[in-house]
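In: This is a predicted model, with the sequence first.
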Amino acid sequence: MNFSTAYLLYPPNRALERSIADSLGMLNAELAATAAPDTQVAMADNFRFTRGNYEQHRYSARIFEPLREVLEAALNGDAATISRECEPLVWAAKQNDLGNILAALGQQRRDAASLERALQCFAKALEVFTRESAPQQWAATQYNLATANQALGRLSETTAPLKVAVDAYTEVMQVWSKEQSPQDWMLTMHQLGATLYTFGRQLKGNRQFQKSVVAWKNALTALNADDYALELTATHNNRGVTLHHLGESEGNAARLKEAINSYELALTVSMEQQLPIHVAVLCRVNKATVQNSLAQLTNDPALAEEVADEFEVIMECFPHALQPLCRKHCEEQMKMARARHEAQGSAVG
């Protein structure tokens with residue numbers, strides 16, 4: 001099954017942001033200063049919120065390597081300054097921080113080895129943070145372990161890390177309940193949806209897609225536009241992506257129509273909350289793409305014409321909000337829709 005191209009959105013990784021903030025004090029002043037994001041960039045970052053699990057924008061990505069070096073030096077070797085024997089809780093917390101930094105580097109460099117090293121750090125932290133003695137720290141570490149496995153599964157295109165991630169996120173929600181930890185529960189449910197979606201893509205399995213749709217829907221129950229505008233937009237959008245591919249897999253027009261509704265909700269939130277324009281454009285591209293799938297499935301020449309016009313408008317009105325590959329996708333979709341409209345229109349005539 002060849003699925004249509006659709007774009008997921010990834011909210012900032014709050015655990016990564018905390019790891020950076022908690023570790024900056026270990027650097028000298030000159031290095032710590034490089035953590036400041038570059039606010040002088042003239043061009044908008046049209047890849048923002050699309051790169052993967054380790055999105056964060058509070059700090060410059062240039063800080064990852066210095067933090068990795070200082071954390072590894074503090075935790076490993078003869079000159080280590082933080083030991084498990086003397087400061088077990090601090091040691092475990094810093095293993096968590098190092099794991100998040102390594103995972104961010106792994107995503108940035110598409111380096112599976114860095115993600116594997118991150119998993120080793122989280123495993124070490126879990127030797128100290130047990131569910132019985134430190135349930136909150138245990139849950140946070142399990143969440144980090146799951147997110148790194150999700151990233152590894154997506155990068156390596158293998159299912160074993162995704163299975164570990166699903167199990168870990170499920171365990172986490174036994175500690176982070178919706179009632180007592182609504183934000184943590186929501187973020188975990190969102191990541192579970194992303195993992196199950198990736199699982200479904202790799203297995204070509206409708207069951208995993210169906211589970212993903214449920215996870216996204218559950219996450220929506222803890223979201224509102226005022227406090228979580230990006231998370232809400234991303235969850236509606238990503239649920240739309242999952243429904244889109246589930247509909248294609250099943251040949252189910254109702255699923256595709258439900259995906260359209262999800263994309264429309266994402267687009268509405270992104271516009272009302274004034275998120276970066278490329279976010280709204282991606283939602284709009286996704287919506288037009290699933291409408292193209294629906295036009296093909298239902299042999300609807302009028303819808304095909306509407307879709308072709310929509311892609312033309314997107315490319316004409318938002319050229320600076322499109323990534324290069326996204327623009328190419330739009331061009332291809334427009335041509336397909338035009339050809340479908342002409343072919344189906346001729347057949348009807």
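Out: Perfect, I can see it now.
In: Can you list the buried residues in the lengthiest helix in the chain?
Out: Ranked by number of residues, the top helix in the chain under DSSP state H is helix 324-348. The neighbour-count check on helix 324-348 (16 or more other C-beta atoms under 10 Å) flags 326, 327, 329, 330, 333, 334, 336, 337, 338, 340, 341, 344 as buried. Quick note: C-beta positions are derived from backbone N, CA and C, even for glycine.
In: quick check: mean pLDDT across it?
Out: Average pLDDT, helix 324-348: 87.
In: now it, how far from the centre of its chain.
Out: 29 Å (C-alpha atoms, centre = their mean, to the nearest Å).
In: Are there helices or strands packed against it, and which ones?
Out: Using 3 or more C-beta pairs under 8 Å, 6 or more residues apart in numbering; DSSP states H and E, the elements in contact with helix 324-348 are helix 277-298, helix 301-317.
In: still on that earlier bit, output the buried residues of helix 324-348 in TSV; the columns should cover distance to residue 298.
Out: Listed next are those as TSV, based on distance: C-beta to C-beta, whole Å:
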residue	distance to residue 298
326	25
327	27
329	22
330	22
333	17
334	19
336	15
337	13
338	17
340	11
341	13
344	10
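In: Which single one of these is nearest to residue 300?
Out: Using C-beta to C-beta, residue 344 is the member of these that lies nearest residue 300, at 7.5 Å.
In: which residues of the chain score low on pLDDT?
Out: Judged by pLDDT under 70, the chain has its weakly predicted residues at 38-43, 344-349.
In: Show me how it divides into domains.
Out: What automatic domain parsing lists as the domains of the chain is 1-214, 223-349.
In: Now the helix or strand residue 199 falls within - C-alpha only, CSV.
Out: Following DSSP states H and E, one finds residue 199 within helix 182-203. Presented in CSV, the C-alpha positions along helix 182-203 are these (Å, rounded to 0.1, in the frame of the first residue of the first chain):
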residue,chain,number,x,y,z
PRO,A,182,-3.4,16.3,32.8
GLN,A,183,-0.6,17.9,30.9
ASP,A,184,1.8,15.0,31.2
TRP,A,185,-1.1,12.6,30.4
MET,A,186,-2.0,14.5,27.3
LEU,A,187,1.6,14.7,26.0
THR,A,188,2.0,11.0,26.6
MET,A,189,-1.3,10.2,24.8
HIS,A,190,-0.1,12.4,21.9
GLN,A,191,3.2,10.6,21.6
LEU,A,192,1.4,7.2,21.9
GLY,A,193,-0.7,8.3,18.9
ALA,A,194,2.4,9.2,16.9
THR,A,195,4.0,5.9,17.8
LEU,A,196,1.0,3.8,16.8
TYR,A,197,0.7,5.8,13.6
THR,A,198,4.3,5.0,12.7
PHE,A,199,3.7,1.4,13.7
GLY,A,200,0.8,1.3,11.3
ARG,A,201,2.8,2.7,8.5
GLN,A,202,5.5,0.1,8.9
LEU,A,203,3.2,-2.8,9.3
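In: The stretch 51-200 of the chain: helices as residue ranges?
Out: Ranges of helices in the stretch 51-200 of the chain, per DSSP state H, counting those that start in this stretch, are 64-75, 88-109, 112-128, 135-156, 160-172, 182-203.
In: Is it possible to get TSV of the ones you listed that adds mean neighbour count and distance to residue 319?
Out: Output for the helices of the stretch 51-200 of the chain, formatted as TSV (neighbours: other C-beta atoms under 10 Å; distance: least, C-beta to C-beta, whole Å):
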stretch	mean neighbour count	distance to residue 319
helix 64-75	19	32
helix 88-109	23	27
helix 112-128	20	35
helix 135-156	23	29
helix 160-172	21	36
helix 182-203	23	29
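In: could I get the ones you listed as JSON lines with distance to residue 241?
Out: Listed next are the helices of the stretch 51-200 of the chain as JSON lines, based on distance: least, C-beta to C-beta, whole Å:
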{"stretch": "helix 64-75", "distance to residue 241": "28"}
{"stretch": "helix 88-109", "distance to residue 241": "19"}
{"stretch": "helix 112-128", "distance to residue 241": "23"}
{"stretch": "helix 135-156", "distance to residue 241": "14"}
{"stretch": "helix 160-172", "distance to residue 241": "16"}
{"stretch": "helix 182-203", "distance to residue 241": "7"}
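In: Looking at those, which is nearest to residue 266?
Out: helix 182-203 (13.4 Å).
In: Output the contacting helices and strands for the closest one.
Out: Counting by 3+ C-beta pairs under 8 Å, 6+ apart, the packing neighbours recorded for helix 182-203 are helix 135-156, helix 160-172, helix 206-220, helix 229-250.
In: Let's have those in a markdown table, adding distance to residue 24.
Out: Formatted as a markdown table, the helices and strands packed on helix 182-203 follow (distance: least, C-beta to C-beta, whole Å):
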| stretch | distance to residue 24 |
| --- | --- |
| helix 135-156 | 19 |
| helix 160-172 | 27 |
| helix 206-220 | 30 |
| helix 229-250 | 24 |
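In: Nearest approach to residue 275 belongs to which of the helices of the stretch 51-200 of the chain?
Out: Across those, residue 275 has its closest neighbour in helix 182-203 (16.4 Å, C-beta to C-beta).
In: relative to helix 135-156, how tilted is that closest one?
Out: Counting by axes from the mean of the first three to the mean of the last three C-alpha atoms, to 10 degrees, helix 182-203 lies at 30 degrees to helix 135-156.
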